[in-house]
Every structure is written in C-alpha cells, then in structure tokens.
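Enquirer: Sequence and computational prediction follow.
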Amino acid sequence: MIVFSEASQANTPVALGIALDKATELSAVFVVPTTSGSSAVAAVELAKQKGFSGRIVVVSHVWGMRSPGANSLTDDNRAELESAGVRIVTAAHALSGVERSISGKFGGVYPVEIMANTLRMLSQGVKVCVEISTMALDAGALDFGSPVVAIGGTGRGLDTACVITPGYSASIFDTRLHEILCKPY
C-alpha cells in the first residue's frame with residue numbers, strides 16, 4: 001500500500017495510475033467518483049494512455065446536491081465521458097442520502113452516518129470507494145459478486161484506491177474491502 005504524506009488533489013495522477021494498473025491486473029471494472037467531471041475525464045485520458053480496455057463507471061453527485069435543479073457534472077465533461085463510452089451513474093449517496101436529511105432536520109446520528117464515519121477513520125477516500133461501488137451496483141452498472149477497483153478522494157481530486165466487492169445498499173454488510181492500494185496518511 002502506498003501512503004501519501006497528506007490528503008491532496010496533487011495525489012490524483014499517482015492514485016489513478018495505481019488504480020488503473022490494479023484494474024488491468026484483475027480485469028476489473030474501474031469505478032470513479034466525480035463532481036464536475038474533471039477527475040473522471042483525467043481517469044479516462046490516463047486509461048487510454050495506459051491501454052486500459054476494461055469498463056469505466058463514473059458515479060456523479062445527485063441532482064440538487066449543490067443547488068436545486070442543477071447537477072455539478074458539467075455538460076462538456078458529461079459529453080466527453082459519454083463519447084468515451086463511460087457509464088455514468090447518478091444516484092442518492094448510499095451512505096447518507098435520506099438519513100442526512102433526517103439528522104439535519106431533527107438532530108441526532110443514525111446508523112448509516114455511523115457507518116460512513118467509521119469508514120472515514122480509514123480515510124475519506126475509503127468511504128467514497130465503498131459508497132460509489134455500492135451506488136454503481138445498485139444501479140446495475142456492476143456485476144454482482146465481482147471485485148472492482150474504486151478510487152476516491154478527500155475534497156477535490158483522488159487520493160485513495162481500493163479493491164472492493166460491493167454489496168447492494170440493502171445488503172451493505174456483504175461488501176468486502178479486499179485491499180487498500182493507496183490512501184493519505
């Protein structure tokens with residue numbers, strides 16, 4: 001496992017390389033989160049450079065996350081990803097979604113938020129990797145029971161990569177985190 005000295009967008013190129021090499025080795029689907037699409041476009045570009053021929057699934061934020069009626073994935077980046085044959089999944093966050101709305105309105109902490117914060121003890125990116133893999137499986141973009149290589153980050157950029165066999169959100173405890181490939185200290 002590679003441990004970066006800190007969480008940083010500057011780790012993106014190295015983390016992408018590590019993740020793509022592992023996805024190639026395992027013939028696994030590569031699962032990438034995105035907000036604006038810039039990290040996903042960078043992943044697709046590096047995949048082409050490395051000759052990665054596997055599937056890439058991009059998981060974007062839900063509509064209305066930043067502002068009502070809007071999606072953070074820019075139209076240009078969405079078009080570029082779609083033209084590259086990338087499957088884009090846009091779904092409610094598996095590890096917050098409705099629960100965050102309830103805790104925000106009524107206070108308290110609920111089980112899914114506890115799970116998310118427990119994963120954050122490893123790193124924010126590990127939480128993202130588990131979450132996006134689950135969301136992609138729920139959306140039918142992944143094959144059930146097959147390991148994937150997922151990448152995540154802290155804030156902007158990517159700094160964590162994992163090998164995961166995701167479970168559906170309805171059976172989240174069937175998820176298996178096989179390997180953390182890289183993460184920040």
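Expert: Everything's here; your move.

Enquirer: Just the mean pLDDT for the host helix or strand of F30, thanks.
Expert: Assigned by DSSP states H and E, F30 belongs to strand 29-34. Average pLDDT, strand 29-34: 97.

Enquirer: got the CA positions of it in CSV?
Expert: Output of strand 29-34 as CSV, limited to C-alpha atoms (Å, rounded to 0.1, in the frame of the first residue of the first chain):
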residue,chain,number,x,y,z
VAL,A,29,-14.3,-2.6,-13.7
PHE,A,30,-12.8,0.8,-12.6
VAL,A,31,-15.2,2.9,-10.6
VAL,A,32,-14.6,6.7,-10.4
PRO,A,33,-16.4,9.4,-8.4
THR,A,34,-16.8,12.8,-9.9
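
Enquirer: Would you list the strands that it pairs with, along with their directions?
Expert: strand 56-60 (parallel), strand 148-152 (parallel) (DSSP bridges).

Enquirer: Quick check: next helix or strand after the first one?
Expert: Meaning strand 56-60. helix 75-83.

Enquirer: now the angle between strand 29-34 and that following helix, please.
Expert: With axes from the mean of the first three to the mean of the last three C-alpha atoms, to 10 degrees defining the directions, helix 75-83 sits at 170 degrees from strand 29-34.
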